[in-house]
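> Build me a model from this:
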Amino acid sequence: MKNRKNLWIILAGIALLLAVMGVTSAWLVNRSALTTLFPVLKPDTITISNTDGTEMTEIDLDYVDGVDTKDPDGTIHIRRAFCIKSSSPLHRLEIVHTTNLESLTFSIYPASIDQKPVAEATPLTGSYGNEDGTGTLTAKAETLDNYQATADVADVHAYPLYWLAQLSATAGHEPADEPSRTVQSYTKKEFDVSAKAERDFYFTNYICEISWKETTKETDLFYIMAQSVAV
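Down below sits the predicted model:
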C-alpha cells in the first residue's frame, strides 16, 4: 500500500508537469502569433549626463568663489550645466525640491550645443502641481507613512514641491496636439544596451540657475528629473 501511494504521488506529479507544459506551450504559441500582429517597439532611453557626455550622478550645488555670485543682501546665484540624452526628440523636465532655504528660486535655460546660453533665451515655463495656495511657496501638507503617530508632525518645509516644465521638442519634431518649447539638440548614433543595437540619440543642453538667500544654515533637497515622451 505504501508503494502504491508513492506511485500515485509520482504519477500526479508527472500529470501536473504535463499540464503546466501544455499551458506554457499554448502561451508560447499564442505569444508567437501576437508578435506577428503587433510590432515589437524598442524601449525609450533617457539619461541626465554632464555636458561632456559622462554619467551624472549628482549636481554640485556648493557655492564656488569666482564661479558663482553673491549679492550684498546675501542672495546666492549658482549656475550648473547638464545634458539630456534621449532616444526620443521629445522630453519633459520635472523639478522636485523642499523649501527650507529662504527665497529659493530656480530657472532652467536651454543652452546651445557648445553649452552657452542661447541668445536672449527665456527659461522654460512650467507650474507647480501641489502648492498649498497660501501665498507662500510651500507644498500641500499630506499624510506621510513615516509620520503616522498623532504626536509626530512633519514640518511644512519638509514636504516637496513638484514643478513640471512645458514639453521640450527638438526642432522639426514639435507635436501638433500639445504646446511645446523648441530646443537645440544634436544627434549621434550610440549603442543602446536596452535595445541591443545602435540608434540615434538626441542631446540637449540646459543650464540650471538656482538662487537663495543665505541667512541660516539650512539644507534643501533639489532633484532634476527627465521623462522621455513618445513621438
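> Now for this structure, the helix or strand with the poorest mean pLDDT.
Here the helix or strand of the chain ranked lowest by mean pLDDT, DSSP states H and E is helix 2-37, holding a mean of 44.
> where exactly do the strands run in the protein?
Taking DSSP state E, the strands of the chain run over residues 46-49, 69-70, 75-86, 90-97, 102-111, 126-128, 161-165, 167-170, 180-183, 185-192, 197-213, 222-229.
> give me the low-pLDDT residue ranges for this protein?
Residues of the chain that meet the criterion pLDDT under 70 lie in 1-44, 114-120, 143-153, 215-218.
> hey, which of the strands of the chain is tucked in deepest?
Counting by mean count of other CB atoms under 10 Å, strand 167-170 has the highest mean neighbour count of these, with a mean of 22. No exception for glycine: its C-beta is placed from N, CA and C like everyone else's.
> Parallel or antiparallel, list what pairs with it.
strand 90-97 (antiparallel), strand 180-183 (parallel) (DSSP bridges).
> Show me the one of the strands of the chain that comes nearest Thr57.
strand 46-49 (9.4 Å; CB to CB).
> which residues touch the closest one?
For strand 46-49, contacts defined as CB atoms under 8 Å, 6 or more residues apart in numbering pick out 55-56, 82-88, 91, 224-228.
> For it, what is the distance to the chain centroid?
Centroid displacement of strand 46-49 relative to its chain, using CA atoms, centre = their mean, to the nearest Å, is 9 Å.
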